[in-house]
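Participant: predicted model and sequence follow; I will ask about them next.
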Amino acid sequence: MDPKGLDGIPLFANLSKKEREQVARWADEIDEPAGAHLLDQGRLAHEFFVLTEGTVEVRKDGEHLTDLRPGDFFGEIALVEHDRRTASVVATTPVRAIVMHAREFGAMRTEMPSVCTKIEDAITARLAR
């Protein structure tokens, strides 16, 4: 993906140009229509997502938890906890997202402490709900 696509995304805001270029090498971009299931609760975890366009709905046990917008990320809990997905995420509009597979996500967490801190803070907040 083009590293310029990472500009303006809060998760990557404190990264240097070189670090954003590395993230871009680790990541791909996807486009999905409204109604697409990006994550399904209970499934094995393979990816991490950052929304760049559109909105998604997060549901747990069939109940609405929250809506996410561009700049928000999801899929990190199961990857970090080495567990199954804790919630389902469905596109409520057409979406574009950055997607990173588990191995690259792990490398990013190890090599970029500022990103790791933001992800860990989000996990703590989300698990507290």
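Facilitator: Nice, thanks for sending it over. If you're wondering where the values come from, they're calculated on a predicted model, not measured in any experiment.
Participant: quick one: contacts of the helix ranked longest in the chain?
Facilitator: Ranked by residue count and defined by DSSP state H, the top helix of the chain is helix 113-128. With Cβ atoms under 8 Å, 6 or more residues apart in numbering as the contact definition, helix 113-128 has outside contacts at 10-12, 14-15, 73, 76-77, 80-81, 86, 108-110. Heads up, the C-betas are built off the backbone N, CA and C, glycines and all.
Participant: just confirm Ala24 is within a strand.
Facilitator: No. Read with DSSP: H, G, I helix; E, B strand; the rest coil, Ala24 is helix and lies in no strand.
Participant: any idea how far it is from Ile98?
Facilitator: 9 Å (Cβ to Cβ, to the nearest Å).
Participant: which neighbours do the two have in common?
Facilitator: Between them, Ala24 and Ile98 share the contacting residues 1, 5-6, judged by Cβ under 8 Å, 6+ apart.
Participant: hmm, back to that, in helices, which of the contacts of helix 113-128 fall?
Facilitator: 76-77, 80-81, 108-110.
Participant: need the residues you listed in JSON lines (columns: pLDDT and distance to Asp121).
Facilitator: Formatted as JSON lines, the ones in helices among the contacts of helix 113-128 follow (pLDDT from 0 to 100; distance: Cβ to Cβ, whole Å):
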{"residue": "Glu76", "pLDDT": "87", "distance to Asp121": "11"}
{"residue": "Ile77", "pLDDT": "83", "distance to Asp121": "12"}
{"residue": "Val80", "pLDDT": "81", "distance to Asp121": "12"}
{"residue": "Glu81", "pLDDT": "82", "distance to Asp121": "15"}
{"residue": "Met108", "pLDDT": "85", "distance to Asp121": "15"}
{"residue": "Arg109", "pLDDT": "84", "distance to Asp121": "13"}
{"residue": "Thr110", "pLDDT": "86", "distance to Asp121": "17"}
